[in-house]
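based on what follows, work out the 3D shape:
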Amino acid sequence: MIRKSRIVWLICSTLCIAHLSNGQQTKQRYATLQQAIVATPQLNGSQGPRSVNWIDGGSKFSFIDGQSVIKTLSPKDQKEEIVFDGSQFKFPGTEKSFAYESFQWSKDSKNILFQTNFRHIYRHSGVSDYYVYSVASKSLKIVAKDAQTAELSPDGQKIGYERGGNLFVFDFPTQKETQLTNDAKPAFLNGRFGWVYEEEFGLAKAWEWSPDSKFIAFWQSDERQVPMYKLTDYKGLDEKYDSLPYPRVGDTNPTVRIGVIDVANVAKQWMNVELGDGYIPRIYWTSQEGQLALVHLNRKQNHLRLFMTNARTGEARQIFEEKSNTWIDVFDFFAGINHLLYFPAGIQEFYWVSERDGYSHLYRYDYTGKLLNAVTSGKWEVTYVHHIDPKTKKVYFTSTEASPLERQLCVADLDGKNKRRITTVPGRHTVNFSPNGQYFIDRYSNVQTPTQVELRDTNGKLLKALETNKRVSDYVAGHTYAPKELVSFTTSDGQKIDISIIKPLDFDPATKKYPVVMDVYGGPGSQSVYNDFATTGWHQWLAQAGYVVVSVNNRGSGGYGRDFEKIVYEKLGKYESQDFVEAATYLTKQPWVDGSRMAIRGHSYGGYMSSYTMLTHPGVFKVSLVGAPVTDWRLYDTIYTERYMGLLPENEEKYKASAVSPYAKNLAGKMFIAHSTMDENVHVRNTFQLMNALEDAGKDADLRIYPPGAHGVAYSATTQLLLFQQYTAYLETNLKKTPVNQAE
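Numbering: from 1, shown residues only. Okay, the predicted model is just below:
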């Protein structure tokens, strides 16, 4: 997945305006960019309880308090209890204080599984040691070493884990480890994904317990025919290379198949679904004992088929399919949604989020694949399904019905009737729902309000304010802040576009014209502008330095329906760049904008857009800041790219049109590019090919290489500051920050 860079986000209150000209106390400004970045934790405030896990069926939730204490809170009576205090424990057999990266509860809430000693491999993956803590006996013991993933069985009697490409279980009553698979070898793995599956289908754990704890279903992944990519940070006198299987567009893909292991007798059965040249991105245990649902996508990812399979025999039957003229999503990375198919317990029905009518809506099916009804409909989108309750026959979901810039929690009957909105405050709501359907934790903000975290019941009643972020307001009371404004305009071809604008401190529209920095991302399904309070420290610094800072929900963004998002299919770059140019045109019509001094900046897909827009629309932007860009989609991975650009060789000309380098001769301004040689996601070859094309065309550009930095370019707090100092200095030199007096 082409991702946004990890810019530092600052959250503060719009009640604290940057400049007070009526004689009130002047607020403190940042003396340096570093000061603005260092202030981030205070401005960001608290996001509420950390690592929330609902336990006891949803009657309580646990959370981390302080460094290592785990508490529980009962919504019914507001009672808090300490269930684990890490400061009281040492790693068994050592004098080393116990510490952990994450934890999970057993379904019966009697045991806690701790992940410790995490050693990173790439992205989400790494190896860890796992310990189990018994709440009753207060005992802590190791159950798995050097495992990549681990999970307690639903009955709490076992722990399953993947180590070295094989699957194992540890049985608590017998204290015995059993190896379930034994055929792993380099690039041939059981229960573990390779890079491209993990990155582009969004899952790190490639196996699943059945609800009754009898079976483990798993992916077996064979990457032995996938081309290897090598990378180095050039340290030392002799380069040491890392390598990983990485299929670029048109290359041989990993082959996968789904196996099911009967844990009691270690019997293995393969599900009889032919892979062909496609993918198996998802599996789901159903409410019927021993039945596994399996999702198949063709390589072009525009034909989805759903199979019901028998875990004991491998028999498979197709019950459902969906076809599209563009692509079909199976998850939503940007919304943090891993699944768009749902198989609730206790009912032989499944639910599927589809955009077949032009907007993402929820549809209800029985296990034969028969459509029972559409649960939701309208010119808005269901963005997250939180809870489906067969007993009350209700579904709780987040939607864009109020606005594509907002996310609001709603409830409806499973037959589609009696839909109502539960959250009422305007803004972007992120909900953590209890499994019993009685409570939820609501984290929200809007352009006037810093993050609020509240515990409510499903009638919407406030039970407890978990975080008001008063300390954010207290902090910004003495500091300047430039608020975000939400604006929309209509393009020359009639499309409404939403943008956000942060205006300079001491804003003087009557006598001054200001330069613009358009900070973009733009990738399919993403969204840059919300009615929320989140903003970046760099943006605040730029506003203080006299820049207008703009973000855009360009065509291709999620939240606006199928036609708005998928117009970019097989044409990446075309409509996104047009919308950035249209936004620039709209801004130049404002009397306080200097249209001759505009910059565009982006990272990853945003780096692609900042370079592509600069070169395909020369003269609009004076400066382009480019971070870790894709410059030719033929250099990127199969799953992501072919989803949006189609296949080679049939789409060769479309790939050429979407590449950046062929337009190098058009550079009319200044371009700054930053990349890392250890970027395993967007390979530095992209930047080197663009630089070569610019040089061949006699065009000057500025290049910065951060060798160890991976996809984020920067690899430490020091280098993060350096990178943004370089960006800022480049703007100062080539865009000039000083507002122009309109009288001149």
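
my guess is residue 335 meets residue 557, correct?
No: Residue 335 is beyond contact range of residue 557, at 11.9 Å (criterion: CB atoms under 8 Å). (Glycine included, C-beta is placed from N, CA and C.)

more neighbours: which of these two?
residue 557 (26 against 17; other CB atoms under 10 Å).

helix, strand, or coil at the more buried one?
Classification of residue 557 using DSSP: H, G, I helix; E, B strand; the rest coil returns coil.

contacts only, for the nearest residue to it once chain neighbours are set aside.
In this structure, residue 557 finds its nearest non-sequential neighbour in residue 527, 5.0 Å apart by CB to CB, 6 or more residues apart in numbering. Residues in contact with residue 527, defined by CB atoms under 8 Å, 6 or more residues apart in numbering, are 334, 404, 553, 557-559.

where is pLDDT lowest across these?
Least confident entry in these, by pLDDT: residue 334, with 83.

could you tell me how many residues sit around that residue?
So residue 334, with other CB under 10 Å, has 19 neighbours.

tell me the secondary structure for it?
Look at residue 334: counting by three-state DSSP, its state is coil.

surely it and residue 558 touch.
Yes: using CB under 8 Å, residue 334 is in contact with residue 558, at 6.3 Å.

need the residues touching each of the two.
Common neighbours of residue 334 and residue 558, using CB under 8 Å, 6+ apart, are 525-527.

could I get those as CSV with distance to residue 51 and secondary structure?
CSV is the format used below for the shared contacts of residue 334 and residue 558 (distance: CB to CB, whole Å; DSSP: H, G, I helix; E, B strand; the rest coil):
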residue, distance to residue 51, secondary structure
525, 27, coil
526, 26, coil
527, 26, coil
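
beta partners for residue 497?
residue 489 (DSSP bridges).

residues near it, how many?
When neighbours are counted by other CB under 10 Å, residue 497 comes out with 22.

same check on residue 29?
For residue 29, using other CB under 10 Å, the count is 15.

tell me the contacts of residue 48?
By CB under 8 Å, 6+ apart, the contact set of residue 48 is 441, 443, 451, 453, 466-467.

now with 10 Å, please.
63, 432, 441-443, 451-455, 465-469 (CB atoms under 10 Å, 6 or more residues apart in numbering).

just the buried residues from these, in ChimeraX please.
This is how ChimeraX selects the buried members of the contacts of residue 48, with burial counted by 16 or more other CB atoms under 10 Å:
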select :63,432,441,442,443,451,452,453,454,455,466,467,468,469
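
and of the contacts of residue 48, the nearest to residue 55?
residue 63 (10.7 Å; CB to CB).

isn't that closest one right next to residue 69, touching?
Yes: counting by CB atoms under 10 Å, residue 69 is a contact partner of residue 63 at 9.5 Å.

distance of the residue nearest to residue 73 when sequence neighbours are not counted from residue 62?
Computed as CB to CB, 6+ apart, the closest residue to residue 73 that is not its neighbour in sequence is residue 80, at 5.1 Å. Distance, residue 80 to residue 62, by CB to CB, to the nearest Å: 10 Å.

three-state assignment of residue 640?
With three-state DSSP as the basis, residue 640 sits in helix.

okay, now it: neighbour count?
Count around residue 640 with other CB under 10 Å applied: 23.

which residues touch it?
1-2, 196, 199-201, 249, 301, 523-524, 605, 630, 633, 681.

which strands or helices does the longest helix along the chain pack on?
Counting residues, the longest helix found in the chain (DSSP state H) is helix 717-734. Contact here means 3 or more CB pairs under 10 Å, 6 or more residues apart in numbering; DSSP states H and E; on that basis helix 717-734 packs against helix 33-38, strand 512-520, helix 537-544, strand 593-603, strand 623-627, strand 670-675, strand 702-705.

now that helix and strand 593-603, what's the angle there?
Comparing the axes of helix 717-734 and strand 593-603 via axes from the mean of the first three to the mean of the last three CA atoms, to 10 degrees yields an angle of 150 degrees.

next one: helix 717-734 to chain centre, how far?
The offset between the C-alpha centroid of helix 717-734 and the centroid of the whole chain comes to 26 Å, using CA atoms, centre = their mean, to the nearest Å.
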